[in-house]
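# Please work out how this folds:
(one chain, ligands or ions: 1)
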Amino acid sequence: MENSVTVRSPATVSNVVCGFDCLGFALREPFDEVRVTLSSQLGIRISHTDGLGLPSDPLKNVAGAAIAALQSRLTDGVGFDIQIHKGIRPGSGIGSSAASSCGAVVAADRLLGGRFKPAELVEFALAGEELASGSRHADNAAPCVFGGFVLVRSTRPLDIVELAHPPLYATVLHPQIEVKTSDARAVLPREVPLASAVRNWSNLGAFVAALASGDLELMSRAMQDDIVEPARMALIPGFHNARQAGLEAGAIGGGISGSGPSIFMLSADERTASSVADAMSVSYAATGLDFRVYISEVGGSAAAE
Ligand code: HSE
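The predicted structure is shown next:
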């Protein structure tokens, strides 16, 4: 049996505008690389090769929390050495914590001979998500483990629905500022008007139908959010103009990626996604903030290298 496995664990876009906390998709890049080694020495040890200064204490590290959740289901006397190289910046809004948590449990499961179902791996990864943000949202972890687009119908118990989708390309502009998920959740309304709720679930239903049918015009109309985005927009300088530029360059739709600050747009093909990247870059340069742009096909998942 293998003793060490390295997993490439991709960035994910959650919420997807109309599915707060329940809809997400995986990219192919950027990704974290998580190497897990089985050890006869009990316990969990974490090291980093990226110089980002993330915690090595397994109780404070999201991958440590996820592996501890997995380990609590084992009767074998094994320990885990985890080496993390982050390609996804923490606080970027593209599922950085989920990528590390999911990468660790996918690698550990492979080393253990594939004992757990994908939904169980997501459950373990949620221990990392709770540590990172104080909330048990699975809309990054589920697409990271399952790949492609997923809907999280429930988190207690976990009920994950994989969604078929047409070929899609994502453009992600990541302003080099950090927005903590816990802060971005603190600005959300505690109660919402019924009319706004109706508009949001109508849009989510339409979006899921558009994924299944490939109706990109319906998808475009459905990418609206009356509840979460209006409350968070103020946390992201240049958001409105960057999205507008992306739409004018031919994107289907887009908005805040997860809890921000990244801004994502979906396009029907790679060439449009590239024009969208150019238009958003020109728009965002006006903010004077540093930023990075990624273009990726939708459809990656955490998998061994
Ligand atoms: N759905 C979560 C939120 C994702 O928007 O707060 C956080 O990454």
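# How about the residues of the protein by the ligand?
Within the chain, the positions lying close to the ligand (Cβ under 6 Å from any ligand atom) are 14-15, 20-21, 137, 139-140, 181, 184-185, 258-259. C-betas here are computed from N, CA, C, even on glycine.
# Closest one of those residues to residue 59?
Proximity to residue 59 was ranked across these by Cβ to Cβ; first place goes to residue 181, at 19.2 Å.
# Model confidence score at that closest one, please.
Here the pLDDT value assigned to residue 181 is 88.
# before we move on, what about residue 2?
Residue 2 carries a pLDDT value of 71.
# my read is it is in a helix, agree?
No. Counting by DSSP: H, G, I helix; E, B strand; the rest coil, residue 2 is not part of a helix but coil.
# Pull the number of nearby residues for the closest residue to the ligand within the chain.
In the chain, the residue that lies nearest the ligand is residue 258 (3.4 Å; Cβ to the nearest ligand atom). The number of residues packed near residue 258 is 29, by other Cβ atoms under 10 Å.
# Show me where this structure has its helices.
Secondary structure of the chain by DSSP state H: the helices cover 62-71, 96-111, 118-133, 141-146, 181-186, 194-213, 216-222, 229-232, 239-248, 270-285.
# which of the ones you listed is buried the deepest?
Most buried of the helices of the chain by mean neighbour count (mean count of other Cβ atoms under 10 Å) is helix 141-146; its value is a mean of 32.
# Give the other helices and strands that that helix contacts.
Packing partners of helix 141-146 (3 or more Cβ pairs under 8 Å, 6 or more residues apart in numbering; DSSP states H and E): strand 4-14, strand 23-39, helix 96-111, helix 118-133, strand 149-155, strand 158-163.
# so which of these comes closest to residue 249?
With respect to residue 249, and counting by Cβ to Cβ, the nearest of those is strand 4-14 at 18.2 Å.
# Parallel or antiparallel, list what pairs with the closest one.
With DSSP bridges as the test, strand 4-14 is paired with strand 23-39 (antiparallel), strand 303-304 (antiparallel).
# How about residues contacting the shortest one?
By Cβ atoms under 8 Å, 6 or more residues apart in numbering, the surrounding residues in contact with strand 303-304 are 5-8, 106-107, 110.
# that older thread, what would the helices of the chain look like in a markdown table with distance to residue 38?
As requested, the helices of the chain are arranged in a markdown table below (distance: least, Cβ to Cβ, whole Å):
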| stretch | distance to residue 38 |
| --- | --- |
| helix 62-71 | 11 |
| helix 96-111 | 5 |
| helix 118-133 | 16 |
| helix 141-146 | 20 |
| helix 181-186 | 31 |
| helix 194-213 | 39 |
| helix 216-222 | 44 |
| helix 229-232 | 41 |
| helix 239-248 | 44 |
| helix 270-285 | 39 |
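# just flag whichever of those helices has the lowest average confidence.
Among the helices of the chain, helix 181-186 scores lowest, at a mean of 91.
# Once you drop chain neighbours, what's closest to residue 28?
Nearest-residue entry for residue 28: residue 300, 3.9 Å, with adjacent residues in sequence omitted and distances by Cβ to Cβ, 6 or more residues apart in numbering.
# mind giving me the domain ranges of the chain?
4-164, 169-297 (automatic domain parsing).
# Arrange these in CSV, one row each, with distance to residue 304 as further columns.
Below are the domains of the chain laid out as CSV (distance: least, Cβ to Cβ, whole Å):
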stretch, distance to residue 304
domain 4-164, 5
domain 169-297, 20
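# circling back to that earlier point, show me the residues around the residue nearest to residue 28 that make contact.
Contacts for residue 300 (Cβ under 8 Å, 6+ apart) come out as 10, 26-29, 31, 147.
# Just the buried residues from these, in ChimeraX please.
Selection of buried members from the contacts of residue 300 for ChimeraX, criterion 16 or more other Cβ atoms under 10 Å:
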select :10,26,27,28,31,147
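# Give me the lowest-pLDDT entry from the contacts of residue 300.
Least confident of these in the model: residue 29, at 93.
# Thought residue 293 was touching it, still the case?
No. Using Cβ atoms under 8 Å, residue 29 makes no contact with residue 293, being 11.9 Å away.
# Residue 103 and residue 63 touch, don't they?
Yes. Residue 103 lies in contact with residue 63 (Cβ under 8 Å); the separation is 7.1 Å.
# overlap in contacts of these two?
34, 84.
# how about the closest residue to residue 110 other than its chain neighbours, what does it touch?
Nearest non-adjacent residue to residue 110, counting by Cβ to Cβ, 6+ apart: residue 5, 4.9 Å away. Counting by Cβ under 8 Å, 6+ apart, residue 5 makes contact with 35-36, 107, 110-111, 304.
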